[in-house]
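# sharing a sequence plus its predicted fold:
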Amino acid sequence: MLLNLINEMLLDYDGVSYDTLEALFEYLTREDASETEQKLYRVISARVKSANQRFYITEPIMMSQDLIM
């Protein structure tokens, strides 16, 4: 469910603001974050791009391929 929301937000043409991305990163790296949430943070950090002060990804993050390491 969280993964679907993240894909919807970051795959959007308009992307998200810095504040939104920062809040997402804070949530994914909080002290009691699950291992999956920590992996999700690393995947997003590696893929995120920016333009016009907006942040986005160009391909969906897939649970099976991207988060199982």
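Nice, I can see it.
# ok, then the element right after the longest helix along the chain?
Across the chain, the longest stretch assigned as helix under DSSP state H is helix 35-47. Downstream of helix 35-47, the first helix or strand assigned by DSSP states H and E is strand 49-51.
# partner strands of that next one, with direction?
Applying DSSP bridges to the sheet, strand 49-51 is found paired with strand 54-56 (antiparallel).
# would you mark the buried spots in the longest helix of the chain?
By neighbour count on 16 or more other Cβ atoms under 10 Å, the buried set for helix 35-47 is 37, 39-41, 43-44. The way it works is simple: take the backbone N, C-alpha and C, and place the C-beta from them, glycine included.
# what's around the closest residue to S17 other than its chain neighbours, how many residues?
Spatial nearest neighbour of S17, chain neighbours left out: R54 (6.7 Å); criterion: Cβ to Cβ, 6 or more residues apart in numbering. Using other Cβ atoms under 10 Å, R54 has 16 other residues around it.
# any idea what R54 is bridged to?
A51.
# check the residue of the chain most remote from its centre and give its pLDDT.
Seen from the C-alpha centroid of the chain, the residue lying at the greatest distance (Cα atoms, centre = their mean) is N52, 18.2 Å away. pLDDT recorded at N52 is 92.
# what does the longest helix of the chain contact?
The contact list for helix 35-47, computed with Cβ atoms under 8 Å, 6 or more residues apart in numbering, reads 2-3, 6, 10, 24-25, 27-29, 33, 57-59, 61, 66-67, 69.
# and the residue most central in space within the chain, how far from F55?
Central residue of the chain (Cα atoms, centre = their mean): I44, 4.1 Å from the mean position. Counting by Cβ to Cβ, to the nearest Å, the gap from I44 to F55 is 9 Å.
# start to end distance for stretch 53-62?
End-to-end distance of stretch 53-62 (Cα to Cα, to the nearest Å): 25 Å.
# for the remainder of this discussion, apply numbering that starts at 239.
OK, 239 is where the count begins now, so the last one is stretch 291-300.
# give me the residues contacting that stretch.
Contacts of stretch 291-300 (Cβ under 8 Å, 6+ apart): 241, 244-245, 248-256, 258-259, 278, 281-282, 285-288, 305.
# buried residues in the helix or strand encompassing A261, which are they?
Under the criterion of DSSP H and E, A261 resides in helix 256-266. By 16+ other Cβ under 10 Å, the buried positions in helix 256-266 come out as 259, 262, 266.
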